[in-house]
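# sequence and computational prediction follow.
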Amino acid sequence: MNISLNKTDNVNGVITIEMERADFQENVNKSLNQFRRKANIPGFRQGKVPMGVIKKLYGTSVMTEEVNKLINTSLSNYIQENKLPLLGEPLPKENLDKELDLEKDEKFTFDFEIGLAPELNMVFDKNDTIPYYKVKLENEKLEQQLDSYKQNFGTYDKIEESAIETDLIKGKVVELENGELKEDGIVVEEAILMPSYIKKDEEIKNRFVGANAGDEVIINPSKAYDNESEIASFLGIPKEEVSGITSDFKFSIAEITRFKEAELNQELFDKVLGEGIVDDEDAFKIKIEESLNNQFVPDADYLFMREAREVMLDKLQDLELPEEFLKKWLKLSNEEATDELIEKDFPNILNDIKYQLAKEKIVKDNDIKTEASDVQELATQVAQMQFAQYGMSNLPAEMLQDYVKRMLEKEETVNGLVSRVIENKIAIWLKDNISVEEKVITADEFTTLTARESQKIDDEQGNVEDSQEVEDSVEVEMIDEKEENKDAGIENNIEE
């Protein structure tokens, strides 16, 4: 068997595989013998079916399968051994002059079109300037976060005063019938009610406002609440049983509690940050401000890389790519892709390919490595930021580790984290090798900027779902030694 590459230009080529029957016949015979041993055909004992019958039944399909296996293995090995920087995947090229006949021919030729990634001439130096946005948090944002902590860690304390709208009123609820306790009626031993949630009937709400522990108040849930879910929650019954309940209920008030927000004291400092991290209000505010600022860092890094992307695309605007091959491959690899959709989204696809190639060049030229520990560390940071957004900055280490472990069990999550690790390391390299223009802006300005960038991406993609499916199908990473080619397929070239 012989495999060769004919480069038609810098970015296109044809891989030709020439084989003889002897290259695959032995494997065909082995497979047919296996069929013979297992075949259960009426009129013959198992394992005694004549080989002629086996060949007639299975010969062509077995031969096709073995030839396909040989082609795919040989093609994959050739690409890996010669380190061909493919874009997309090899496409079988039709032989219009002659159709193959596996039963009669002794020599076979298979051609595969390939697209090749070009050599990149891309240099970065201090003449390249990329902005980096740093957020200066407004005082009001810090105060809002402090208020949020005081609310989140506040408590409901028992009071002896009359109830107001936002108090929690606890007690026993029993169903009535004609003003008396209903036999086998609904009883809720530990009912809870907040008057402010009674929005359907103001008069019922006012019965509770001003009430005291020990009072008995009549409430009709079907008149007090807007929907069945609220009634079901109040009475502790399934939602499906609510529709038939129109009775009055007696609410015997046992206790009234009122919300008291937490104070900015050591107890709150320890709950938010961990025990003993800070010991006064000023230090606490500094820590919270640092935490809030850190939440902007991922988006700031993202904006930095978006700006870097534009610089890279500008450097590669004249880069030659196998455009016609890529269009053909996109159409064959995506059933939803039409010529119209591909043409519409092709400029964005080419930019994505150029950007991916630029990143790969930086990674390769500078020996940038991604370790499992990098992914673990980023996953932990992501988890911490997610919890911090809900005011949970002091999560127990064991709980955090368990959450990260569950994150890393999802292949899609891991792939996303790996991509982020690579981009983060590229960003670090860029910051060391180009000029970074630091721009200090407010949180509101930063939010506006990120929203504008998101809108820009949506506009580039056209917000067309089918078009996005075409772009999502692009695989631009060069084939490495661990990657296998998909079934290249030869059925169209074989006369069965």
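The structure has been received and is ready for your questions.
# where does the stretch 1-150 of the chain dip in pLDDT?
95-100 (pLDDT under 70).
# how about a cut-off of 90?
Applying pLDDT under 90 to the stretch 1-150 of the chain flags the ranges 20-67, 93-109, 121, 136-139, 141, 145, 148.
# strands along that one, start to end?
2-7, 12-20, 86-93, 107-116, 129-136 (DSSP state E, counting those that start in this stretch).
# what are the buried residues along the longest one?
Same thing as strand 107-116. Neighbour-count burial for strand 107-116 flags 108, 110-116 (criterion: 16 or more other C-beta atoms under 10 Å). Where C-beta positions appear, they are placed from N, C-alpha and C, glycine not excepted.
# can you tell me which of these is nearest Glu453?
Using C-beta to C-beta, Gly115 is the member of the buried residues of strand 107-116 that lies nearest Glu453, at 30.7 Å.
# related to what we said a few turns ago, what would the strands of the stretch 1-150 of the chain look like in TSV with distance to Pro42?
Formatted as TSV, the strands of the stretch 1-150 of the chain follow (distance: least, C-beta to C-beta, whole Å):
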stretch	distance to Pro42
strand 2-7	44
strand 12-20	37
strand 86-93	39
strand 107-116	36
strand 129-136	75
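# among these, which is nearest Phe269?
strand 129-136 (23.9 Å).
# wait, Leu75 touches Ile15, no?
Yes. Counting by C-beta atoms under 8 Å, Ile15 is a contact partner of Leu75 at 6.6 Å.
# need the residues touching each of the two.
3, 90, 112 (C-beta atoms under 8 Å, 6 or more residues apart in numbering).
# disregarding residues adjacent in the polypeptide, which is nearest to the second one?
The reference is to Pro90. In this structure, Pro90 finds its nearest non-sequential neighbour in Phe112, 3.9 Å apart by C-beta to C-beta, 6 or more residues apart in numbering.
# so what are the domain limits for this structure?
Annotated domains of the chain cover 2-117+488-493, 129-145+279-472, 155-260 [automatic domain parsing].
# tell me which of these sits nearest to Val123.
domain 129-145+279-472 (7.9 Å).
# now that closest one, how far from the centre of its chain.
Between the centre of domain 129-145+279-472 and the centre of its chain there are 12 Å (C-alpha atoms, centre = their mean, to the nearest Å).
# list the buried residues for stretch 428-443?
429-430, 434, 441, 443.
# what about Ile353, is that helix, strand or coil?
helix (DSSP: H, G, I helix; E, B strand; the rest coil).
# that one against Leu321, yeah?
Yes. Between Ile353 and Leu321 there is a contact at 6.4 Å, judged by C-beta under 8 Å.
# residues making contact with stretch 8-18?
With C-beta under 8 Å, 6+ apart as the criterion, stretch 8-18 contacts 1-7, 71, 74-75, 78-79, 87, 90, 93, 107-118, 320-322, 325.
# for stretch 166-175, same thing?
156, 159, 163, 181-182, 185-196, 208, 211, 219, 234-235, 247-259.
# show me the shaky parts of the stretch 251-400 of the chain.
In the stretch 251-400 of the chain, residues with pLDDT under 90: 271-275, 289-295, 297-298, 332-342, 381-400.
# which of the shared contacts of Leu75 and Ile15 lies closest to Leu292?
Ranked by distance to Leu292 (C-beta to C-beta), the shared contacts of Leu75 and Ile15 are led by Pro90 at 51.1 Å.
# follow-up on the earlier one: secondary structure, pLDDT and distance to Val297 added to the buried residues of stretch 428-443, as a markdown table?
Formatted as a markdown table, the buried residues of stretch 428-443 follow (DSSP: H, G, I helix; E, B strand; the rest coil; pLDDT from 0 to 100; distance: C-beta to C-beta, whole Å):
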| residue | secondary structure | pLDDT | distance to Val297 |
| --- | --- | --- | --- |
| Trp429 | helix | 96 | 17 |
| Leu430 | helix | 96 | 16 |
| Ile434 | coil | 95 | 19 |
| Ile441 | strand | 92 | 14 |
| Ala443 | helix | 90 | 13 |
